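[1] Any chance you can model this:
(chains A and B)
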Amino acid sequence: MDARLRRVNKEIADCKNDKASGIKIELIDESPFHLKGIFPGPEGTPYAGGTFLVDIIIPESYPFQPVKMKFITKVYHPNVSSASGAICLDILKDAWSPVLTLKSTLISLQSLLCSPEPNDPQDAEVAKHFTTSKGSFEDTATYWTQIYAGGPGKKGVSTASSGDGKDEVAMAGLEKAHVDQFEALGFQRGKVIDVLRRLNYRGKNVTQISEDRVVEELLK
Amino acid sequence: MSDYSLSDDDYYNDEDMFDITQDDDDMNMDDYTEDFKVDTNSKRKSYEIEYESLNQPAVEKLMQQDVAYIIGILGVDSSIAARLLRHSSWNKERLIEKYMDNPNTILVAAGVTAPEPPSVTSPIRTHIGDRRTTRSASKIISTLSSSSKTSSKASSSSYQPAQTRLKAERFVCPICYDDSSDLQTASLDCDHLFCTGCWTTYITSKIRDEAEHCIRCMAEGCCLVAPDTFIQSALAGEGEPTWARFQELLVRHFVSCNPNLKYCPHPGCTNTVSCPAAASKSSLTTVVPAVSCGARGIPGSPEALTSAVAAKEHYFCFGCPIDSDHRPVVCSVAKMWLKKCADDSETANWIKSNTKECPKCQSTIEKNGGCNHMTCKKCKHEFCWVCMGPWSEHGTSWYSCNRYEEKSGTDARDAQSKSRASLERYLHYYNRWANHEQSAKLSLDLYAKTEKKMEDMQITSSLTWIEVQFMKKAVEEADKCRMTLKWTYAMAYYLARGNEKELFEDNQRDLEQAVEELAELLEQPIEADAIPTLRQKVTDKTVYVHKRNEIVLEDTANGFLEGRWKWNARVEGFDEPDQADLV
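    Numbers count the residues shown, from 1 in each chain, chains lettered A, B, ... in the order given. Below you'll find the predicted structure:
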């Protein structure tokens, strides 16, 4: 049997037998080389309680070349693209070793959620949010976990959300008062959220960015 | 700059310098620049540069010399010396300094010795930042005794596929999960055991897919680098081509670390050119380091074997990434020109170059055929399509149209917008540049056609193969001149207006005219009784063309040495142009 297939089959079987780690690997279609990884968000982090899905593609030269992984579940994290789910992690690139397995790589992803690395970001806007105001970042990450990964959510954020739908302000990690303030000047709410997020209008930045600067951006 | 100018002192030294270089058949590298300074008496022309072509074994010999030097000084074995040198980018001084400072640090960094006994690493990975620091900073053994111990152990490290390890438990390869009893295993000094099949696939993948010459242990986080002997054993048998590729990668790495060397950019070629005279960036404002590795065609292709004529010699520029000879123009100007050509959209060019306004009545005209002698349908004004000047000024010498005559053309173009004028100026040079490039591309066909003609000639006349070589020579010469001409247009585009430019364009025109005449002769059908006359004509023309080409190249090269050329735009490495010259 083809060595790659034997190895992938064994990895899937190993993962099935190991209930303790909470990590699951499932087939997406008929091919054993296109898989879906599932792991729980790590406890004690904004991702706790969520279930995260990862798209896994096993390349031709696996395990001598790294697997291709990206998040299916939307994640608010400096090293994960908030738009595409692309992941910035050394072992998925040059630090890959053939002894690493799908399971160990998924565990690494789990630990990446525990320890973000904002100095080497995949998503620059999220990384900026993380460095300026960690508390606010965590609220947003918790909210994303709640919306996309089925997490329980936090009290503080759930009160900010306006009932049933997704709260766009909380999604962008902004303060409702700030958005209301600029919306009152006659700008569209969506545009205000967009500009404030881009300018990283959070924490101590709020005092540093003048209102004129925001209005200037809004008028562009 | 001043180093290369011909001062009086240099002049008086000419004889001496010449003698030195004559005696010194070994071609001492350090003399290159000196030699280059006084070019008037030596055989080498001012537009040529001294260089040497090295094949792969020759470069490998240079590498071995460096390795032997390090073995002599540091007292390590050759496999360690090689890995240390590769790690330090072949900088011997820095390597020795670092080794003297702390041998362990560099041995660990180069992947020769393991930082600490292999530990069972947890599969949980932290991010890049954390890992890198632990790798380089904390895991260092600082006792000297352990270093000598590990290095002696390293020398014993070899790929031993035959050796099966007997263990209480049956060995399972952690990569392919194979557990058969006859599984052959191997490991580096770190004792991370894997089956030989996985080693071979891994090493092949690293070399083939990643073009990586530094191959680390497969274990996670283990930084030991496999010695060459280990790699060779792993690739023995079917992996021979990969082993050859590995050696090529090592040579490429060595060449890229040495500013005096450059790898031939032609596909499949493994030669290297050594050209210390062009190694520094500052020298590139005065010389065009056009070099050739000496090889022709694509190695191994049938073309190279059957027709030596069709296979082009591997000319390239030592100083920049342009993979052809761009004499006479210097690298920075050639690069500017290529960038400009790439930036300007082809579509816009086409529209602009196919429609123009009549210089008299401003009607828009599309030229859909015919010659450059245009007569406006509306106002009957006669003008030249290329320069837009009145046709009466062209007379019989329509070749003067190689020059974008700013004076007589001004009146005609005044009416048109300024942007259009500058675009036309650009197109003037571009079209001629592209035309020569196209002709050069077609030269392969011409080669083939010429070979056929040469064969015919032998049949129809009493001339021998040797005697019909004049055709081949003529084609080669014409091709060479077209390359020169092509780049003279790039140069002329950026030359500031003035006498120097006019002289340059005079030389350019003479060469162009001569080349066109030669090309016409070559295209002529061959009649048996006219062969001797044709032969005479072609030979004469070839010599003349060759001389004209020499004049252009020589004069331009001297101009660079004397700092004679002034530009109409900012050029890297040159003085700021005068405000009045800027276009």
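[2] Find the residue ranges of the stretch 51-200 of chain B scoring beneath the pLDDT cut-off.
    B:116-169 (pLDDT under 70).
[3] got the phi/psi numbers for the nearest residue in space to B:Cys173 that is not next to it in sequence?
    Of all residues not flanking B:Cys173 in the chain, B:Cys195 sits nearest, at 3.9 Å (CB to CB, 6 or more residues apart in numbering or on different chains). In short, each C-beta sits where N, CA and C put it, glycine included. Main-chain dihedrals, B:Cys195, degrees, to the nearest 10: phi -80, psi 150.
[4] What's the mean pLDDT across the biggest helix by length in chain B?
    Ranked by number of residues, the top helix in chain B under DSSP state H is helix B:418-460. Here helix B:418-460 scores 80 as its mean pLDDT.
[5] what's the answer for stretch B:566-580, then?
    Taken as a whole, stretch B:566-580 has a mean pLDDT of 86.
[6] Could you give me the buried positions within it?
    Judged by neighbour count (16 or more other CB atoms under 10 Å in any protein chain shown), stretch B:566-580 contains these buried residues: B:Lys566, B:Trp567, B:Asn568, B:Ala569, B:Val571, B:Phe574, B:Pro577.
[7] Quick check: the two most widely separated of the residues you listed?
    Pairwise distances across the buried residues of stretch B:566-580 (CB to CB) peak at 11.6 Å, for the pair B:Asn568 and B:Phe574.
[8] Contact partners for the residue nearest to B:Cys173?
    B:Cys173, B:Ile175, B:Cys176, B:Asp178, B:Leu183, B:Gln184, B:Thr185 (CB atoms under 8 Å, 6 or more residues apart in numbering or on different chains).
[9] Looking at the residues you listed, spot the one nearest A:Leu199.
    Taking CB to CB as the measure, A:Leu199 lies nearest B:Ile175 of the contacts of B:Cys195, at 48.8 Å.
[10] Outline the domain layout of chain A.
    As assigned by automatic domain parsing, chain A contains the domains A:3-114, A:124-219.
[11] per-residue confidence averaged over the shortest one?
    Right, domain A:124-219. Summarised as a single mean, pLDDT over domain A:124-219 is 81.
[12] can you give me how far that domain is from the chain middle?
    16 Å (CA atoms, centre = their mean, to the nearest Å).
[13] What parts of chain A come near chain B?
    A:3, A:6-7, A:10, A:61, A:63-65, A:79, A:89-91, A:95, A:97-101, A:103-104, A:107-108, A:111-112, A:115-117, A:119-120 (CB under 8 Å from any CB of the partner chain).
[14] Return a PyMOL selection command for the buried portion of these.
    Here is the PyMOL command that selects the buried residues among these (16+ other CB under 10 Å):
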select buried, chain A and resi 3+7+61+63+64+65+79+89+90+91+95+97+98+99+100+101+103+104+107+108+111+112+116+117
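[15] which residue packs closest to A:Leu199, ignoring adjacent ones?
    Distance criterion CB to CB, 6+ apart; nearest residue to A:Leu199, sequence neighbours excluded, is A:Ile209 at 5.8 Å.
[16] residue ranges of the helices in the stretch 101-250 of chain B, please?
    Ranges of helices in the stretch 101-250 of chain B, per DSSP state H, counting those that start in this stretch, are B:103-109, B:128-133, B:144-156, B:196-210, B:228-234, B:240-257.
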